[in-house]
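Novice: sequence and predicted model, in that order:
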Amino acid sequence: QVQLVESGGGLVQAGGSLRLSCAASGRTFSSNTMAWFRQAPGKEREFVAAIGWSGGSTRYADSVKGRFTISRDNAKNTVYLQMNSLKPEDTAVYYCAASLRSITYYTGTYDYWGQGTQVTVSS
């Protein structure tokens, strides 16, 4: 069992930066693929970024490539999402997710989810 708690969301102006954190409990954290998804009002939840268990493999949605960076610290059971050059279209609730599978882009393949943290980017 893995429990996930996100933090770091907030209101920021376009062009600004935020760093999201996801603290995990559970002894299997270091063997989990970790990912960030987001969901804007009226839209489906979408993949943002994912990182393999060792941190050596990462994947990004095209919409965030070059602006967002996912990382993890297995000693702290924490995964991060550094978001730079934020745009109004990045506004959404951001969710942390964990999976025992290899990296995928699909919500159904992730076993554990956090409660989400709101990110609002003003123009």
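Specialist: Structure's in. What do you need?

Novice: show me what contacts residue 31?
Specialist: 53, 100 (CB atoms under 8 Å, 6 or more residues apart in numbering). For the C-beta atoms, the positions are set from N, CA and C on the backbone; glycine is no exception.

Novice: residue 59: neighbour count?
Specialist: Neighbour count of residue 59, defined by other CB atoms under 10 Å: 17.

Novice: which residues does it bridge with?
Specialist: For residue 59, the beta-bridge partners are residue 50 (DSSP bridges).

Novice: isn't it up against residue 65?
Specialist: No. Shown here, residue 59 and residue 65 do not form a contact pair, counting by CB atoms under 8 Å, at 9.6 Å.

Novice: what is the end-to-end distance of stretch 55-69?
Specialist: 12 Å (CA to CA, to the nearest Å).

Novice: what's next to that stretch, contact-wise?
Specialist: The contact list for stretch 55-69, computed with CB under 8 Å, 6+ apart, reads 46-52, 70-72, 74, 81-86, 89-90, 103, 105.

Novice: if we ignore the residues flanking it in sequence, what's nearest the residue nearest to the spatial centre of the chain?
Specialist: With distances taken as CA atoms, centre = their mean, the residue of the chain nearest its centroid is residue 36 (2.2 Å). Distance criterion CB to CB, 6 or more residues apart in numbering; nearest residue to residue 36, sequence neighbours excluded, is residue 48 at 4.3 Å.

Novice: also residue 100?
Specialist: Nearest non-adjacent residue to residue 100 (CB to CB, 6+ apart): residue 32, at 6.1 Å.
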